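**Q** Quick check, what structure comes out for this input:
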Amino acid sequence: MNTTLRETNSRIDLLSASLLSRLRRDRSIGRMVLILLVAIAAFSVLSPSVFLTGLNLQNMLLGVAEIGILSIAMMISMVTGGIDLSLVAIANLCAITVSTLYTSSVLGGAGAEQWSPVIILIGLVVGLACGLVNGVLIAYVGVTPILATLGTMQIFNGLAVVWTGGKTLYGSPEALTAFGKTAVAGVPLLFIVFGLVALLVGFILNRSPLGLSLSLEGSNGTAAKFSGIRSTRILMSSYLLTGLLGSLTGIVFIARNPTASADYGASYVLLVIVIAVLGGTNPNGGFATVGGVFLAALTLQVVQSGFTSMRLSAFQYSIAQGVILIGVLVLDCIDWKDVRSRLSIAVRRTDSVAAHDSGSTERK
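**A** Take a look at the predicted model:
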């Protein structure tokens with residue numbers, strides 16, 4: 001009897017969490033659309049001669065791809081209540097693998113182009129292997145995600161430095177470089193890849209059993225357990241997926257620029273966390289919105305491009321990131337229903353006092 005009641009309560013908790021997640025997702029998307037439009041309008045006025053050029057707009061779409069895919073990967077890890085600090089290190093390790101294999105003496109020369117699909121596939125496998133390490137540490141060993149991925153980030157970075165000798169590697173498959181430079185109707189193919197990744201992950205999170213399990217694991221692990229969800233399998237799946245997306249970002253790195261190094265994108269770790277949270281991802285787990293993260297990545301890319309067009313420094317851009325994030329979080333903490341209720345009461349009291357004063361005047 002107690003077990004049945006407990007399972008029923010768990011299912012009610014899970015249903016409530018799902019409905020709350022949907023409401024917050026809609027609010028996050030609407031908020032990010034507004035912020036994005038405000039940013040575009042502001043920089044269009046402040047720097048129209050540079051910001052609104054076709055080249056600048058295309059560069060914005062090109063630059064947001066790698067940041068956006070990393071942000072979606074970070075979102076997946078955060079929706080389970082975890083985090084993945086090793087994403088950028090995984091991306092760099094993948095890019096270094098691709099560049100090394102392409103330029104190696106074994107595959108060097110014209111024959112290397114024929115092996116390009118295999119080389120890219122090996123790069124993606126490297127990301128899966130890194131995700132597997134994170135998943136084992138978190139799901140099976142029980143290490144806290146932030147500490148586990150902090151440790152693996154150091155390991156992967158160290159491997160990359162030892163591998164390259166701290167130098168930048170040059171060379172990548174020509175087909176991959178050509179892909180990175182190609183645009184369709186002015187839209188870079190890399191941005192289209194970002195859009196497809198967002199659609200696929202959005203489908204997984206919102207329409208598949210895996211996505212529901214990820215959200216429920218993050219919102220209430222105990223209730224998820226009583227509902228028959230295996231936490232170890234879910235956590236392992238999430239970090240395998242983040243590892244795969246990390247390695248896909250590495251492919252995007254080297255497609256944009258045929259070089260690879262251990263320290264590329266050193267500032268990206270904090271940036272993608274900002275984007276994930278700004279896009280509506282709950283840092284404590286339980287809900288996230290791919291659409292919100294997609295728009296948040298675009299918004300910060302617009303802000304960065306706008307700052308560049310106005311010749312402002314990267315430090316000022318960092319300040320803007322923090323101001324935007326804190327502003328959104330503060331607005332989220334405000335109980336707007338309570339504010340409206342208090343304002344309504346204040347208005348009624350003012351009207352009542354005014355009516356009383358008016359009546360007193362008439363009697364006199």
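**Q** shaky segments in the stretch 101-250 of the chain?
**A** 105-111, 224, 226 (pLDDT under 70).
**Q** tell me the helices in it, going along the chain?
**A** 111-114, 116-135, 145-164, 174-181, 189-207, 209-219, 221-226, 231-256 (DSSP state H, counting those that start in this stretch).
**Q** relative to helix 145-164, how tilted is the last one?
**A** Regarding helix 231-256 and helix 145-164, their directions subtend 40 degrees when assessed with axes from the mean of the first three to the mean of the last three C-alpha atoms, to 10 degrees.
**Q** I'd like the next helix or strand past helix 231-256.
**A** Of the helices and strands lying after helix 231-256 in sequence (DSSP states H and E), the nearest is strand 259-260.
**Q** Which stretch among the helices of the stretch 101-250 of the chain is buried most, on average?
**A** helix 231-256 (a mean of 25; mean count of other C-beta atoms under 10 Å). For glycine as for every other residue, the C-beta is placed from the backbone atoms N, C-alpha and C.
**Q** Show me what that one is packed against.
**A** helix 54-79, helix 87-103, helix 116-135, helix 174-181, helix 189-207, helix 209-219, helix 221-226, strand 259-260 (3 or more C-beta pairs under 8 Å, 6 or more residues apart in numbering; DSSP states H and E).
**Q** I'd like to know which of the helices of the stretch 101-250 of the chain is closest to residue 342.
**A** The closest of those to residue 342 is helix 209-219. By C-beta to C-beta, the value is 30.3 Å.
**Q** what helices or strands is that closest one leaning on?
**A** helix 2-46, helix 54-79, helix 189-207, helix 221-226, helix 231-256.
**Q** Can I get the ones you listed in CSV including distance to residue 172?
**A** Below are the helices and strands packed on helix 209-219 laid out as CSV (distance: least, C-beta to C-beta, whole Å):
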stretch, distance to residue 172
helix 2-46, 32
helix 54-79, 14
helix 189-207, 14
helix 221-226, 42
helix 231-256, 5
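**Q** Nearest to residue 325 among those would be which one?
**A** Nearest of these (C-beta to C-beta): helix 2-46, 11.0 Å.
**Q** would JSON lines of the helices and strands packed on helix 231-256 with distance to residue 48 be doable?
**A** JSON lines is the format used below for those (distance: least, C-beta to C-beta, whole Å):
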{"stretch": "helix 54-79", "distance to residue 48": "11"}
{"stretch": "helix 87-103", "distance to residue 48": "34"}
{"stretch": "helix 116-135", "distance to residue 48": "40"}
{"stretch": "helix 174-181", "distance to residue 48": "27"}
{"stretch": "helix 189-207", "distance to residue 48": "23"}
{"stretch": "helix 209-219", "distance to residue 48": "42"}
{"stretch": "helix 221-226", "distance to residue 48": "51"}
{"stretch": "strand 259-260", "distance to residue 48": "33"}
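**Q** which stretch among the ones you listed comes nearest residue 38?
**A** Across those, closest to residue 38 is helix 54-79 (C-beta to C-beta), at 16.0 Å.
**Q** I'd like to know which elements the closest one is packed against.
**A** helix 87-103, strand 187-188, helix 189-207, helix 209-219, helix 231-256, helix 268-278, helix 290-309.
**Q** in that helix, what's buried?
**A** 56, 60-79 (16 or more other C-beta atoms under 10 Å).
**Q** and what of stretch 298-313?
**A** 298, 299, 300, 301, 302, 303, 304, 305, 306, 307, 308, 309.
**Q** what's near enough to touch the residue lying closest to the fifth one once chain neighbours are set aside?
**A** The one in question is residue 302. Counting by C-beta to C-beta, 6 or more residues apart in numbering, residue 302 lies nearest to residue 39, which is 4.7 Å off, once chain neighbours are set aside. Residue 39 is in contact with 299, 302, 303, 306, counting by C-beta atoms under 8 Å, 6 or more residues apart in numbering.
**Q** same thing with residue 78?
**A** Residue 78 touches 218, 276, 277, 281, 282, 283, 285, 288, counting by C-beta under 8 Å, 6+ apart.
**Q** at 7 Å instead, please
**A** By C-beta atoms under 7 Å, 6 or more residues apart in numbering, the contact list for residue 78 reads 276, 281, 283, 285, 288.
**Q** which residue is nearest the centroid of this protein?
**A** In the chain, the centroid-proximal residue (C-alpha atoms, centre = their mean) is residue 71; its distance is 1.9 Å.
**Q** Now do that one, the pLDDT please.
**A** On pLDDT, residue 71 comes in at 96.
**Q** and what of residue 287?
**A** Looking at residue 287, its pLDDT stands at 83.
**Q** Then residue 54?
**A** pLDDT, residue 54: 87.
**Q** Spit out the contact partners of it.
**A** So residue 54 contacts residue 186 (C-beta under 7 Å, 6+ apart).
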